[in-house]
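Chemist: mind looking at a prediction? Sequence and model below.
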Amino acid sequence: MSSPEVESLSWGHMQVKGGPCAYKDCKVWPGGSRAWDWRETGTDHRPGVQPADVEEVVAKGVDTLVQTSTLDLLKQKGVTVRVLQTEKAVAEYNVLVGQGARVGGVFHSTC
């Protein structure tokens, strides 16, 4: 199963190919995507992405996770981590999707 491409990104808006709607923030993985609500885990700009934020994506069987901040948890699980600014992160994610990689992402569209 392949990862869906992020078709568009603008301030407060992300469209994932095959997604049910546009997202403000989203999680993507091979075969799916969903809205990412920071309140689920207490995420904020500080302290940043929480381990619980990425557990769902890692559990989907990704080999690489592209996101906008890093977590040692991912490295401990053997997942390659790429930390990039959002536009660059989405571009990198889409390149990996195009290569058929089992890639996931956790993206915040307003940073």
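Modeler: It's in. Residues are numbered from 1 along each chain as shown.
Chemist: switch to C-alpha atoms for all contacts and neighbour counts from now on
Modeler: Fine.
Chemist: elements contacting the helix or strand containing Ala89?
Modeler: In this assignment (DSSP states H and E), Ala89 forms part of helix 86-98. Packing partners of helix 86-98 (3 or more CA pairs under 8 Å, 6 or more residues apart in numbering; DSSP states H and E): strand 6-10, strand 64-67, strand 103-108.
Chemist: would you turn those strands into a markdown table with distance to Asp37, mean neighbour count and mean pLDDT?
Modeler: As requested, the helices and strands packed on helix 86-98 are arranged in a markdown table below (distance: least, CA to CA, whole Å; neighbours: other CA atoms under 10 Å; pLDDT from 0 to 100):
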| stretch | distance to Asp37 | mean neighbour count | mean pLDDT |
| --- | --- | --- | --- |
| strand 6-10 | 17 | 16 | 94 |
| strand 64-67 | 15 | 24 | 81 |
| strand 103-108 | 10 | 27 | 87 |
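Chemist: out of those strands, which comes closest to Gln76?
Modeler: strand 64-67 (12.7 Å; CA to CA).
Chemist: can you pull out the low-pLDDT segments for the chain?
Modeler: Counting by pLDDT under 70, the chain shows low-confidence ranges at 68-73, 111.
Chemist: make it 90
Modeler: Applying pLDDT under 90 to the chain flags residues 1, 19-20, 38-39, 41-55, 64-86, 105-111.
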